[in-house]
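1. How does the following fold in three dimensions:
(4 chains)
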Protein chains: 2
Amino acid sequence: MALKYSISEENYIKTIYHLQKDDEPVTTNELATALKAKPASITDMMKKLKAKKLLHYQPYQGFKLSAEGNKVALVIIRRHRLWEYFLSEKLKFAWDEVHDVAEQLEHVSSKKLIDKLDEFLNFPRTDPHGDPIPDANGKMETTEKVCLADLPLHTMVKVCGVNDHSSAVLELLEHKGIHLGCRIEVKKRFAYDQSMEIKISKLPVDSISEQLAKKIFVVYESTSK
Amino acid sequence: MALKYSISEENYIKTIYHLQKDDEPVTTNELATALKAKPASITDMMKKLKAKKLLHYQPYQGFKLSAEGNKVALVIIRRHRLWEYFLSEKLKFAWDEVHDVAEQLEHVSSKKLIDKLDEFLNFPRTDPHGDPIPDANGKMETTEKVCLADLPLHTMVKVCGVNDHSSAVLELLEHKGIHLGCRIEVKKRFAYDQSMEIKISKLPVDSISEQLAKKIFVVYESTSK
DNA sequence: ATAAATTTTTAGATTTGTCTAAATTTATAT
DNA sequence: ATATAAATTTAGACAAATCTAAAAATTTAT
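-> Model (predicted):
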């Protein structure tokens, strides 16, 4: 697998992969929306990717990545998430700033670069949004990412991501001492407004609104970092 | 200066900058050779860059970067050299492997990325080849890079680059303890074969051939790293 | 000084990725 | 079941970046 695709091709493949979650075929319009392109452009590219055997496609039937297409997608996602981790951990980018830069970096195609970056970062398992990073073989943990608002009581978990990167939210998180990778546990949840009391490692118990809890994602496993 | 140019445009600008060293205008053929493109392609691009006021160009007269073009070139060179430094220092790439990857990374256009990378690397003054890195304002040290073979005796300098990245040379450098950034001094030079005795920081005096000395470049200043 | 050689530019074609507008196919609703 | 709506594809155009081949300008050499 030499893996030399254009930036456009890579973006299409990656986007199809993400839309494909619930393994139904992806439609032209869905892709067009996701890529901010016109449906006609999608059809054109689908023909090209089909010719390259990266996806299965019959006119009017939607598309699915082939096994090969999936592998390519995972390489791109690996690059993206490793760069996000690098930007966040090493260059101290805010959580909401990493994505756009990683969108560009992910198209730099050097296997050696990515594998060495992985090593330099100490083989992180998840990116700053809590999404798992595929390893050099394309294998990826299926961590169950759950919303803090839905977490059962008295369960120690790790913060893996935040869904809203407005400075208002970030300020609040900062103030409460909630940061990426920190251990957290829900002690109590009030029926009245679904607000909850939480406990973070060495901090005193604090309470947060349902609104905030809905923005916070956590994982049970604790293998990353 | 929004600085959003295509990869092609950036490559042309950068290449013109390098060819322009001796401030004579660059010719179509020179550029074509350097960029491995046909002369006709050069003319086309020169018209475009002229329209964007990045260079001065009258048909048949060669080209020179404008002040604006120079600024753009320095931004690209800054990116390139910072990435080279990163690859070499942090990811442990060999000196001869950094260039090609940096060629790709240099086109990722985020000022914030580059400025944070610079900070993360602790504001290095030169890249692994000993070439100076422009700062965020485009200012660049004019270090005088001199060949070890031509260095006067008893002058403490710093190794800043090597001209030959064959594994044979690298192996020898490794063995002798000559690495990027190390302090070195020529103690004696023999008329017979121009071989010389050198002294490196804490190592015993050793001798090297003229052949090897010709591959090694050093700087007087010692502000980097 | 002028012919020959070289360099540079122009003209027209090609590829990639995109678009608009029209045609076609599929899905939906009475 | 068939008309209407929605989704998809086709056809043709366009911009960017490249190329080849031919024309024009410049340089060089006798």
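
2. is the longest helix along chain A up against DNA strand C anywhere?
-> The single longest helix within chain A, with elements called by DSSP state H, is helix A:67-89. No - applying CB under 7 Å from any atom of the strand, one finds that helix A:67-89 is not in contact with DNA strand C, the shortest distance being 13.9 Å. Any C-beta I mention is one placed from the backbone N, CA and C, and that applies to glycine too.

3. That helix - contacts with which helices or strands?
-> helix A:7-19, helix A:98-105, helix A:111-120 (3 or more CB pairs under 8 Å, 6 or more residues apart in numbering or on different chains; DSSP states H and E).

4. tell me the secondary structure for the closest residue in space to A:His56 that isn't next to it in sequence?
-> Spatially, and ignoring its direct neighbours in sequence, A:His56 is nearest to A:Lys64 (4.9 Å; CB to CB, 6 or more residues apart in numbering or on different chains). Assigned by DSSP: H, G, I helix; E, B strand; the rest coil, the conformation of A:Lys64 is strand.

5. just to revisit the earlier point, the helices and strands packed on helix A:67-89 into TSV, with extra columns for distance to A:Ala40 and mean pLDDT?
-> Putting the helices and strands packed on helix A:67-89 into TSV (distance: least, CB to CB, whole Å; pLDDT from 0 to 100) gives the following:
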stretch	distance to A:Ala40	mean pLDDT
helix A:7-19	14	97
helix A:98-105	24	94
helix A:111-120	34	98
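
6. DNA strand D contacts on chain A?
-> Contact residues, chain A versus DNA strand D (CB under 7 Å from any atom of the strand): A:27-30, A:39-40, A:42-44, A:46-47, A:57, A:59-62.

7. can you tell me which of those are in helices?
-> Short answer: the residues of chain A next to DNA strand D in helices (DSSP H) are A:Thr28, A:Asn29, A:Glu30, A:Pro39, A:Ala40, A:Ile42, A:Thr43, A:Asp44, A:Met46, A:Lys47.

8. and the third one, how many neighbours?
-> Okay, so that is A:Glu30. Counted with other CB atoms under 10 Å in any protein chain shown, the burial measure for A:Glu30 works out to 18 neighbours.

9. Repeat that for the last one.
-> Neighbouring residues of A:Lys47 were enumerated by other CB under 10 Å; the total is 12.

10. can you check the one 4 residues further on too?
-> Other residues lying near A:Ala51 total 10 when counted by other CB under 10 Å.

11. List the residues that contact it.
-> Residues in contact with A:Ala51, defined by CB atoms under 8 Å, 6 or more residues apart in numbering or on different chains, are absent; none qualify.

12. List phi and psi for it.
-> phi -60, psi -30 (degrees, to the nearest 10).

13. contacting residues around the residue positioned nearest the centre of chain A?
-> Closest residue to the average C-alpha location of chain A: A:Asp131 at 3.9 Å, with CA atoms, centre = their mean. The contact partners of A:Asp131, by CB under 8 Å, 6+ apart, come to A:Arg81, A:Lys145, A:Gly161.
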